[in-house]
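> Got a predicted model here, sequence first, then my questions.
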Amino acid sequence: MAIIPSDQQPPPRPGTKPPAQPRLVAPQQQAQDISENSLRPRELKDYLGQSELKQSLGIAVAAARQRAEALDHMLFYGPPGLGKTTISMLIASEMGTQIRITSAPALERPRDIAGLLVSLQPGDILFIDEIHRLNKVAEEILYPAMEDFMLDITIGKGQAARIKRLPLKPFTLIGATTRAGAISAPLRTRFGLVQRLRFYTAEEMQAILLKNAQILQIQLLPDGAEAIARRARGTPRVANRLLKWVRDYAQVHAAAAIDAQVAAAALDMLQVDHAGLDPVDRQILSTLLLNYQGGPVGIDTLAAAISEDVATIEDMIEPFLMQCGFLQRTPRGRVATALAAEHLGLDPRLAAAATLPLFEDLSLE
């Protein structure tokens, strides 16, 4: 399998401001994750977790190989860091084809996506990250390409303009997104297989950590792997980052092996608690509980209160807090739960207002 990455980097999302320091538990890829490729599995059977998705993909790949056809187009969605790119690379490996990796913000002009489509060979995979950010022109070019393997090119301008159709070699488009609802309906319906990637369980994370520790030649004990796994927010990318930090801590402190005590001491130093929350997570929850009686609070008000932008809260912070049951989104705003209060060591009654029904019974008794 050959991997042909795009040489264009996506611009930052409009309205976002990068954090002063990258959060160790942030699911988005960071510069320190470049060596992550060495930890990626080489075959689909070696991929740990996402068992339901693996079964579906195994059937699809086997059927396509038997027919000697390109796979149907696929859409993977879910929080960042769960393996959408890795799975796509494994599919290309199983199919024995090349994969072209790019992102939607890099496809600004029609010639950008047209050039990619024309360069694809039979059975190749085109992987588009952040596909929900495709512009309208790029989407319209993809429609006939996905359905009929044809590329429509407009020649001329005005009344003299005409459309020329060029045949494309059969290919597979794999789209990845963290916001499936932001994808237009015409584009979404053209994917034959739509799959959601879920957060990993603590047991799955422990198995991934033990396997990666062997690759990195780290002496990691099972209880140490469990301690890291429970703070990894169900995300392999975060787990690998924490593992490398704990390795460095153990090396400096001359620990013979990484057990639960060493792992906990290393992660406590970074203020990553036993549930995987870092200071930013705890600041959001404590602000809701102490400043706004648990909520509901509008996202703009909350962002201003903690000096963070809305997109960062929505994309990087809220998904995991909601998964843990610490935060709720309601029509009236964000709400911190009693479970969040207990986790922070606060009085659960601080969240009492937040847990009331949205529509109270006003009938007289």
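Alright, I've got the coordinates. Numbers count the residues shown, from 1 in each chain.

> need the contact list for Ala62.
Contact analysis of Ala62 by C-beta atoms under 8 Å, 6 or more residues apart in numbering lists nothing. All C-beta spots, glycine's among them, are computed from the backbone N, C-alpha and C.

> tell me the mean pLDDT over the helix or strand harbouring it?
Here Ala62, judged by DSSP states H and E, is contained in helix 51-67. Across helix 51-67, pLDDT averages out at 90.

> What pairs with the helix or strand following it, parallel or antiparallel?
For helix 51-67, the following helix or strand on the C-terminal side (DSSP H and E) is strand 74-77. Strand pairing for strand 74-77, determined by DSSP bridges: strand 172-177 (parallel), strand 193-196 (parallel).

> Mind listing what's buried along the shortest one?
Applying a neighbour-count criterion of 16 or more other C-beta atoms under 10 Å, one finds Gln195 buried in strand 193-196.

> Can you tell me what sits against that strand?
Contacts for strand 193-196 (C-beta under 8 Å, 6+ apart): 53, 56, 60, 72-78, 180, 188.

> Tell me the most packed of these, by neighbour count.
Phe76 (27 neighbours; other C-beta atoms under 10 Å).

> mind listing the strands for the stretch 101-250 of the chain?
Taking DSSP state E, counting those that start in this stretch as the criterion, the stretch 101-250 of the chain carries its strands at 125-129, 150-155, 162-167, 172-177, 193-196.

> can the ones you listed go into CSV with extra columns for distance to Asp315 and mean pLDDT?
Shown next, in CSV, are the strands of the stretch 101-250 of the chain (distance: least, C-beta to C-beta, whole Å; pLDDT from 0 to 100):
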stretch, distance to Asp315, mean pLDDT
strand 125-129, 14, 93
strand 150-155, 33, 77
strand 162-167, 37, 77
strand 172-177, 11, 93
strand 193-196, 16, 91
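
> need these in a markdown table with distance to Arg329, can you?
Formatted as a markdown table, the strands of the stretch 101-250 of the chain follow (distance: least, C-beta to C-beta, whole Å):
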| stretch | distance to Arg329 |
| --- | --- |
| strand 125-129 | 25 |
| strand 150-155 | 40 |
| strand 162-167 | 44 |
| strand 172-177 | 19 |
| strand 193-196 | 18 |
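
> how far does stretch 222-242 stretch from start to finish?
15 Å (C-alpha to C-alpha, to the nearest Å).

> Show me which residues of it are buried.
Of the residues in stretch 222-242, 224-242 count as buried by neighbour count, 16+ other C-beta under 10 Å.

> count of residues packed around Ala63?
Ala63 has 12 nearby residues by other C-beta under 10 Å.

> go on, the one 3 residues further on?
By the criterion of other C-beta under 10 Å, Gln66 has 8 neighbours.

> Can you tell me how far it is from Ala255?
Distance, Gln66 to Ala255, using C-beta to C-beta, to the nearest Å: 51 Å.

> which residues of the stretch 201-350 of the chain score low on pLDDT?
By pLDDT under 70, the stretch 201-350 of the chain contains no weakly predicted segment.

> ranges for the helices of it?
Along the stretch 201-350 of the chain, counting by DSSP state H, counting those that start in this stretch, helices occupy 202-215, 222-229, 236-252, 260-269, 279-286, 299-305, 310-312, 318-324, 338-343.

> which helices and strands sit right next to the fourth one?
Here helix 260-269 is seen to pack against helix 222-229, helix 236-252 when contacts are counted using 3 or more C-beta pairs under 8 Å, 6 or more residues apart in numbering; DSSP states H and E.

> what does that helix rub up against?
Here helix 260-269 has contacts from 221, 223-224, 226-228, 231, 242, 245-246, 249-250, 253, 255, 274, using C-beta under 8 Å, 6+ apart.

> right, so of the helices and strands packed on helix 260-269, which gets closest to Asp46?
helix 236-252 (13.1 Å; C-beta to C-beta).

> and that closest one, how far from the chain's centre?
Between the centre of helix 236-252 and the centre of its chain there are 20 Å (C-alpha atoms, centre = their mean, to the nearest Å).

> and Ile284, which of the helices and strands packed on helix 260-269 is closest to it?
Nearest of the helices and strands packed on helix 260-269 (C-beta to C-beta): helix 236-252, 17.6 Å.
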